[in-house]
Every structure is written in C-alpha cells, then in structure tokens.
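Give me coordinates for this.
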Amino acid sequence: MGGATDVVLWQAAQSERRFLITADKGFGDIRVYPPGTHAGVLLLRPDEDGIGPLIHLVRRVLAEEPLDRLRATVTVASPRSIRVRKP
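Residues are numbered from 1 along each chain as shown. Got it, this is the predicted structure:
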C-alpha cells in the first residue's frame, strides 16, 4: 500500500483487523487512534533513516513485548524506549 493516504491505509487495516506497523508519527496520536479501538499500532521512531534501524526497532520490540500483549495498544518504539499506551 505504498503511497496510499493515511485514511486509505487505516481503513484497509481496520477492515482486515490488522496490527499496523508504521514510521508515520500521525498514527501515534491517541486522540485520533485511541487504544482499544483498533487491533494495534506500533510506531517506529528510529534516530537514523533507512530500513536497518526500522528492522532493529521491530526486533527489539518483539524481544521485549510479546505481540499478543500489544494488541489494541498504541506503542511507540525509539532507540531509547518503548512506550505502550493501553486501553
């Protein structure tokens, strides 16, 4: 869905009840995407550009937080912290 608007991407994820992994910080806004109203969002906030830092963050999150515990949350992962906002 590369190039899709946020609205189109969100609607597709919701219609399929998918957990969304993204680097688009707009999806981290809990006022717009409140925890408990969707399957879950993992927002990746690396310090460096490129696929390597994104993959590193995903691996770190999955090593520290089982994916089933992230359901219905908005989770923000950076090299310094992992913040989980629960319903």
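
From Glu65, how far out is Ser81?
12 Å (Cβ to Cβ, to the nearest Å). From N, CA and C alone the C-beta is placed, and that goes for glycine too.

So those two - more neighbours on which side?
Between Ser81 and Glu65, Glu65 has the larger neighbour count (other Cβ atoms under 10 Å), namely 16 against 8.

now the strands for this structure?
Along the chain, the stretches classed as strands by DSSP state E are 20-22, 41-44, 74-77, 82-85.

Give the other helices and strands that the longest helix along the chain contacts.
Secondary structure of the chain read by DSSP state H shows that its longest helix is helix 51-64. With contacts defined as 3 or more Cβ pairs under 8 Å, 6 or more residues apart in numbering; DSSP states H and E, helix 51-64 has these neighbours: strand 41-44, strand 74-77, strand 82-85.

Parallel or antiparallel, which strands does the second one pair with?
What it means is strand 74-77. Sheet partners assigned to strand 74-77 using DSSP bridges are listed as strand 41-44 (parallel), strand 82-85 (antiparallel).

which one of those strands has the most crowded surroundings?
strand 41-44 (a mean of 24; mean count of other Cβ atoms under 10 Å).

neighbouring contacts of that one?
19-25, 27-28, 33, 54, 57-58, 61, 70, 73-77 (Cβ atoms under 8 Å, 6 or more residues apart in numbering).

and if you look at stretch 66-83?
With Cβ under 8 Å, 6+ apart, stretch 66-83 has contacts from 19, 27-28, 30, 33-47, 53, 57-58, 60-61, 64-65, 84-87.

for it, the distance to its chain's centre please.
How far stretch 66-83 lies from its chain's middle: 7 Å, per Cα atoms, centre = their mean, to the nearest Å.

average model confidence for it?
Mean per-residue pLDDT for stretch 66-83: 96.

which parts of that stretch are buried?
In terms of neighbour count (16 or more other Cβ atoms under 10 Å), stretch 66-83 has its buried residues at 70, 72-77.

Put together CSV for the residues you listed, with distance to Ala4 on each row.
Converted to CSV, these look like this (distance: Cβ to Cβ, whole Å):
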residue, distance to Ala4
Leu70, 23
Ala72, 23
Thr73, 23
Val74, 20
Thr75, 22
Val76, 22
Ala77, 22
